[in-house]
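**Student:** sequence and predicted structure are below.
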Amino acid sequence: MRAVVAIVRGMVLELFRRKDFYVFLIFMLVLLGILSSQTFFHIEGISRYMRDFGYTLVMLFSFILAVTFTAKQVPSEIEARTIYPLLAKPISRFTFIFSKFFGGVAISVISFVLFFASFILFCLGEGQKLSPVLVAQSFFLGMLFFCMVCSMVVFFSVFMTMSANIAVSFLLYFYVINFSGPLRDAVISAKGFVAAMLGTFYYLLPHFDFFDMRIRITHAWDPLAGWVVAAITVYTAVYCLLLLYLAAMIFRRKKL
Amino acid sequence: MEEVITIRDLFHAYHAGRTEINALVDVTLDVKKGEIFGFLGPNGAGKTTTIKLMLGILSPQRGELSIFGDVPSRTATRKKIGYMPETADYYQYLTPRELLRIYGDIFGIAGKLLSKRIDDLFEMVGLSGDAGRLMKTFSKGMKQKVSFAQALVNDPDLLILDEPTGGLDPVARKNMREVIKTLRGKGKTIFFSSHELSEVELVSDRVAILDKGHVLASGELSGFLSRKGEKQTLENYFLQIIEEKK
């Protein structure tokens, strides 16, 4: 456990010392500021757009940071040859992979907390009313979302280059967010072999859409039922553990 | 004397496409406690492969390899080893102090003891004034010093050095030699891989010469330096033996 904490600490220190994180944070604050100035002029319905746009920015910026930081971890350790002194220490390859996952999650959650807090503060500053349960649910599901993202990126990173990993992760994210609904409809309406193929593909996909609270936040709808959140939590745990286990197995056999 | 490293008929091959390249062929070596063992060979001889096997990063395909009588992949074995790689571009956004703290934590070394050890190590390698600077600002020589310090963070019983003097200025090389000799004085075992023969000649007790995966010679350094009753340098001996085996 000490080894995991030590590696995660190194990754978090790096996040705060790189400019990328601050660029995203400042950019986010500027965009929210521009949006809030629109509400100052009392344009009808603008508060809904602000929530929609603000929430999208929070998720997108945190996602970009999560993917880019996590994707470079394993390849850069190999490229910089720091993997050798690290694995020469009493740390297994399994622990190494889990450390990189937890590091990615820590980085994503830190970014997400700051971005999400800025967004909520802007909303509250504009006098918008948001259900505390809905805010708490969005926050919790956001954290689960980043666990999913990081486990997927760590899995890809044991056999893909950094750029391929980032490209595939972005494609998967945008595909799932935009086309998961139509794919589900196709699975339901298909029959026989096609249904089996589409069904397999549908269930293998990481369902980022489960964590997407944008519509509920935008329209201030009711929060999700407790059992739905519990089911998503179990789904995340199973999916993450499976991907990390596979990543560790592949990495254990990798010739370094 | 107690054997720290025991290697018997070690074989390892790489695959480059369909071609199998023998990196090590029936390598047999013993390194005893408290000695400085020079591991020599030209580029591509198989030195780094041997070290990777000794660290448990690679697994032997054939033969036996034990460190302190145990397999190198075991955590308990690795706790006794310090390793300095030939080159490693350490985390650019960390300071050397933070790096050593992370590595020390991995070994489970507690707070104050670790702080004291880190201070002593930076003093020893001559980096005390730069321990708080980000490593992206470091020269190659400074990175080598950090690398040497990190190898010693756990106060290892066996120190494995892979081309340790590359990038170091003459003063730093001399300092490193003195540190290595001091460690030997404390009963530590040092496995020193290099192709810089003058460096090896200055510190080693015994040496082995490796070429194309084969051990060409091994034994006391003094025996190599006075071959057939005539004094010679290690470099001359090395060149002769490589030529003879061609």
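**Tutor:** Received it, and whenever you're ready, just let me know what you need.

**Student:** so for chain B, the centremost residue is which one?
**Tutor:** Closest residue to the average C-alpha location of chain B: B:Leu161 at 1.8 Å, with Cα atoms, centre = their mean.

**Student:** check which helices and strands the helix or strand where that residue lies sits against.
**Tutor:** Per DSSP states H and E, B:Leu161 falls inside strand B:158-162. The contact analysis (3 or more Cβ pairs under 8 Å, 6 or more residues apart in numbering or on different chains; DSSP states H and E) places strand B:158-162 against helix B:47-54, strand B:81-84, helix B:140-151, helix B:170-185, strand B:189-194. The C-beta positions use only the backbone N, C-alpha and C, and glycine is treated the same way.

**Student:** which residues are in contact with it?
**Tutor:** Under the criterion Cβ atoms under 8 Å, 6 or more residues apart in numbering or on different chains, residues A:88, B:4-5, B:47-48, B:51, B:54-55, B:67-68, B:80-86, B:148, B:151-152, B:180, B:183, B:188-194 lie in contact with strand B:158-162.

**Student:** show me where pLDDT drops low in the chain?
**Tutor:** Went with chain A since none was named. A:38-45 (pLDDT under 70).

**Student:** sorry, should have said chain B
**Tutor:** Scanning chain B for pLDDT under 70 picks out the ranges B:1, B:227-229, B:246.

**Student:** and the strand holding B:Leu161, C-alpha only, in CSV?
**Tutor:** Extracted in CSV, the C-alpha atoms of strand B:158-162 (Å, rounded to 0.1, in the frame of the first residue of the first chain):
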residue,chain,number,x,y,z
LEU,B,158,24.1,-5.8,-3.1
LEU,B,159,24.6,-2.8,-5.3
ILE,B,160,24.2,-3.3,-9.0
LEU,B,161,25.7,-0.6,-11.2
ASP,B,162,25.2,-0.5,-14.9
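
**Student:** quick check: neighbours of that strand in the sheet, parallel or antiparallel?
**Tutor:** Using DSSP bridges, the strands paired with strand B:158-162 in its sheet are strand B:81-84 (parallel), strand B:189-194 (parallel).

**Student:** and among those strands, the most buried is which?
**Tutor:** Ranked by mean neighbour count, the strands paired with strand B:158-162 are led by strand B:81-84 with a mean of 26 (mean count of other Cβ atoms under 10 Å in any protein chain shown).

**Student:** what angle do helix B:170-185 and the strand holding B:Leu161 make with each other?
**Tutor:** Strand B:158-162 and helix B:170-185 are oriented at 150 degrees to each other (axes from the mean of the first three to the mean of the last three Cα atoms, to 10 degrees).

**Student:** the most centrally placed residue in chain A and chain B: what is the separation?
**Tutor:** Compute the mean C-alpha point of chain A, and by Cα atoms, centre = their mean the closest residue is A:Phe146, 3.0 Å away. A:Phe146 is 21 Å from chain B, where distance means Cβ to the nearest Cβ, to the nearest Å.

**Student:** residue 2: neighbouring residues, count only.
**Tutor:** In the absence of a named chain, this looks at chain A. Look at A:Arg2: counted by other Cβ atoms under 10 Å in any protein chain shown, it has 13 neighbours.

**Student:** the intended chain is chain B.
**Tutor:** 9.

**Student:** wait, doesn't it sit right on B:Glu35?
**Tutor:** No - applying Cβ atoms under 8 Å as the test, B:Glu2 and B:Glu35 come out as separate, 10.6 Å apart.

**Student:** count the neighbours of the closest residue to chain B within the stretch 101-250 of chain A for me.
**Tutor:** Residue of the stretch 101-250 of chain A nearest chain B, by Cβ to the nearest Cβ: A:Gly103 (11.4 Å). Using other Cβ under 10 Å, the number of residues around A:Gly103 comes to 25.

**Student:** for the one helix or strand it maps to, enumerate the helices and strands it packs against.
**Tutor:** When elements are assigned from DSSP H and E, A:Gly103 belongs to helix A:93-125. Contacts defined by 3+ Cβ pairs under 8 Å, 6+ apart place helix A:93-125 against helix A:2-17, helix A:19-40, helix A:46-79, helix A:83-87, helix A:132-157, helix A:226-253.

**Student:** would you mark the buried spots in the fifth one?
**Tutor:** Spelled out, it's helix A:132-157. A:134-135, A:137-139, A:141-157 (16 or more other Cβ atoms under 10 Å in any protein chain shown).

**Student:** what packs against it?
**Tutor:** Using 3+ Cβ pairs under 8 Å, 6+ apart, helix A:132-157 is in contact with helix A:46-79, helix A:93-125, helix A:162-189, helix A:214-219, helix A:226-253.

**Student:** now do the contacts for residue 147.
**Tutor:** Assuming you mean chain A. A:105, A:236, A:240.

**Student:** sorry, I should have been clearer: chain B.
**Tutor:** Contacts here follow Cβ under 8 Å, 6+ apart; on that basis B:Ser147 touches A:85, B:84-85, B:88, B:90, B:164.

**Student:** is the residue nearest to the centre of chain B in a bridge, and if so with what?
**Tutor:** With DSSP bridges as the rule, B:Leu161 is bridged to B:Met84, B:Phe192.

**Student:** how close does it sit to chain A?
**Tutor:** For B:Leu161, the distance to chain A - Cβ to the nearest Cβ - is 12 Å.

**Student:** just list the residues touching the closest residue to B:Leu234 other than its chain neighbours, thanks.
**Tutor:** Once flanking residues are discounted, B:Leu234 sits nearest to B:Glu201: 4.1 Å by Cβ to Cβ, 6 or more residues apart in numbering or on different chains. By Cβ under 8 Å, 6+ apart, B:Glu201 lies in contact with B:38, B:221, B:225, B:233-235.

**Student:** among those residues, which ones are in helices?
**Tutor:** B:221, B:225, B:234-235 (DSSP state H).

**Student:** now, of those, which are buried?
**Tutor:** Of those, these count as buried by 16+ other Cβ under 10 Å: B:221, B:225, B:234.

**Student:** okay, those residues in CSV with distance to A:Leu246 next?
**Tutor:** Output for these, formatted as CSV (distance: Cβ to Cβ, whole Å):
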residue, distance to A:Leu246
B:Leu221, 49
B:Leu225, 55
B:Leu234, 50
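
**Student:** just give me the closest of those residues to chain A.
**Tutor:** Using Cβ to the nearest Cβ, these come closest to chain A at B:Leu221, 26.4 Å.

**Student:** quick one: the closest one and B:Ala208 touch, right?
**Tutor:** No - between B:Leu221 and B:Ala208 there is no contact under Cβ under 8 Å: 10.5 Å.
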